[in-house]
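> Below is the sequence, then the predicted model.
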Amino acid sequence: MAAAGSPRERAATSRRERGVASRRDRPDRDLVAALRAELAGIEPTRDCCRAATRAGLGDAAEGRARSPVVARLAVRLDDAVPIGFQWATAADHCRMAWLRGRFLARGSLSLAEGHVHLELVVSPDEAAELAARAAASGAPAMWRIRRGRGVVTWKSIDGALTLLRRMGASASVLELEARLVTRQLHGHLNRVLNAEQANLSRTVLASHRQVVAIGRLVERGTFGDLTPADQRVGRLRVEAPEATLADLADQLDVTRSRVQRSLARIERASRDNEHAVPRLTGTPRPDDAAALLPGTPRPDDAGPG
């Protein structure tokens with residue numbers, strides 16, 4: 001058996017983590033494959049659009065397709081008339097057909113943590129022109145030169161979805177939008193739960209600090225020096241250490257701010273003769289403090305049971 005922390009165990013852990021990540025990313029890869037298949041399944045009926053799609057495929061129409069679905073599309077477009085595609089004079093449907101072919105030949109889509117990253121890798125000379133054409137189609141893009149190649153990128157969810165929808169990927173766009181909404185809801189829920197957990201932790205720590213302060217005042221016999229209102233708040237805090245300030249205010253029929261100020265005065269009074277409130281170890285428990293509060297019977301004062 002491999003020892004903990006040994007190279008064999010670390011390698012096994014790394015394989016397990018990669019397996020979990022692979023299973024988590026598989027639905028996204030399936031969606032990207034479905035998107036590519038949907039776009040490649042669109043076979044234009046107009047001769048001009050068939051020629052524009054073939055022109056957009058570029059090298060992929062000459063037997064250099066990166067996927068079988070694109071290769072099959074290229075075969076189906078073999079009868080397209082090889083005319084020179086001119087963006088400036090082309091109709092809108094031809095422009096979309098050309099962009100669809102360009103994406104199938106050079107595009108990629110990745111999904112990560114609720115974000116969409118769509119990019120086309122082309123020659124450096126084509127990048128700026130392709131970004132301008134996409135902007136003219138209602139989907140503004142950024143471009144840059146990366147490792148000697150032009151990269152046109154859509155990082156905006158709206159921009160990427162607009163381009164995909166206009167190219168004809170309606171079903172995949174609907175599925176993508178549904179997944180993005182689901183991830184956003186999960187993220188929002190996690191943030192809400194984390195915030196609630198943090199608030200609960202702060203409430204518990206504050207309650208413990210206040211109960212300890214009350215216990216110290218009772219031990220020194222100075223709890224009775226507080227105002228009647230502060231004594232009421234102190235007694236209720238000891239009786240209900242898990243209650244929030246709003247709960248205490250409701251039971252006392254006062255405002256939350258008054259409860260907060262009373263507890264702050266109690267803590268200040270407890271610190272008058274001490275530099276810090278004692279820690280949990282060795283401090284009175286809530287039930288101990290309750291038993292010592294004025295007006296509460298002490299255990300040794302109780303009659304025979």
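Looks like it came in fine.

> By residue count, which strand of this protein is the longest?
strand 115-122 (DSSP state E).

> what is the orientation angle of whichever helix or strand comes after it with strand 115-122?
On the C-terminal side of strand 115-122, the closest following helix or strand by DSSP states H and E is helix 124-136. Per axes from the mean of the first three to the mean of the last three CA atoms, to 10 degrees, the angle that helix 124-136 makes with strand 115-122 is 130 degrees.

> In the stretch 151-300 of the chain, where is pLDDT below threshold?
273-300 (pLDDT under 70).

> at 90 what do you get?
Across the stretch 151-300 of the chain, the ranges flagged by pLDDT under 90 are 155-160, 170, 172-204, 206, 219-225, 241-245, 270-300.

> Could I get the full set of helices for it?
157-167, 170-220, 228-239, 245-252, 256-270, 286-292 (DSSP state H, counting those that start in this stretch).

> The longest strand of the chain: which residues count as buried?
Val116, Leu118, Glu119, Leu120, Val121, Val122 (16 or more other CB atoms under 10 Å). The way it works is simple: take the backbone N, C-alpha and C, and place the C-beta from them, glycine included.

> Stretch 82-100 too?
Quick answer for stretch 82-100 (16+ other CB under 10 Å): Phe85, Ala90, Cys94, Arg95, Met96, Ala97, Trp98, Leu99, Arg100.

> Ala134: which of those residues is nearest?
Leu99 (7.2 Å; CB to CB).

> Quick check: that closest one is in a helix.
Yes: counting by DSSP: H, G, I helix; E, B strand; the rest coil, Leu99 is located in a helix.

> Leaving out the residues flanking it, which one is nearest to it?
Nearest in space to Leu99, with sequence neighbours left out and distances taken as CB to CB, 6 or more residues apart in numbering, is Met167 at 5.8 Å.

> Is it correct that that neighbour is in contact with His93?
No: assessed by CB atoms under 8 Å, Met167 is found out of contact with His93, at 11.1 Å.

> SS state for Ser110?
strand.

> number of nearby residues for Cys48?
By the criterion of other CB atoms under 10 Å, Cys48 has 17 neighbours.

> Verify the contact between it and Cys94 for me.
Yes: look at Cys48 against Cys94 with CB under 8 Å: they come within range, at 5.2 Å.

> could you pull out the strands for the stretch 1-150 of the chain?
In the stretch 1-150 of the chain, the segments counted as strands under DSSP state E, counting those that start in this stretch are 107-112, 115-122, 142-146, 149-154.

> strands paired with the last one, and their directions?
With DSSP bridges as the criterion, the sheet partners recorded for strand 149-154 are strand 115-122 (antiparallel), strand 142-146 (antiparallel).

> Taking helix 157-167 as reference, get the angle to the first one.
Same thing as strand 115-122. Per the same axes, to 10 degrees, the angle that strand 115-122 makes with helix 157-167 is 60 degrees.

> tell me the contacts of the closest residue in space to Lys155 that isn't next to it in sequence?
Using CB to CB, 6+ apart and skipping the chain neighbours, the partner closest in space to Lys155 is His117 (6.0 Å). Residues in contact with His117 (CB atoms under 8 Å, 6 or more residues apart in numbering) are Leu109, Ser110, Leu111, Thr153, Trp154, Lys155, Ala160.

> count of residues packed around Leu217?
Count around Leu217 with other CB under 10 Å applied: 24.

> Please apply the same query to Arg29.
With neighbours defined by other CB under 10 Å, the count for Arg29 comes to 12.

> Read off the pLDDT value for it.
What the model reports for Arg29 is a pLDDT of 83.

> what's the spacing between it and Gly41?
Separation of Arg29 from Gly41 (CB to CB, to the nearest Å): 18 Å.

> What of Leu109?
Leu109 is 16 Å from Gly41, by CB to CB.

> Between the two, which has more neighbouring residues?
Leu109 (20 against 12).

> tell me the contacts of the more buried one?
Val32, Leu35, Val116, His117, Leu118, Ala160.

> Might one say that the third one is in contact with Leu161?
Right, Val116. Yes: here Val116 reaches Leu161: they are 7.3 Å apart, a contact under CB under 8 Å.

> Mind listing the shared neighbours of those two?
Leu176.
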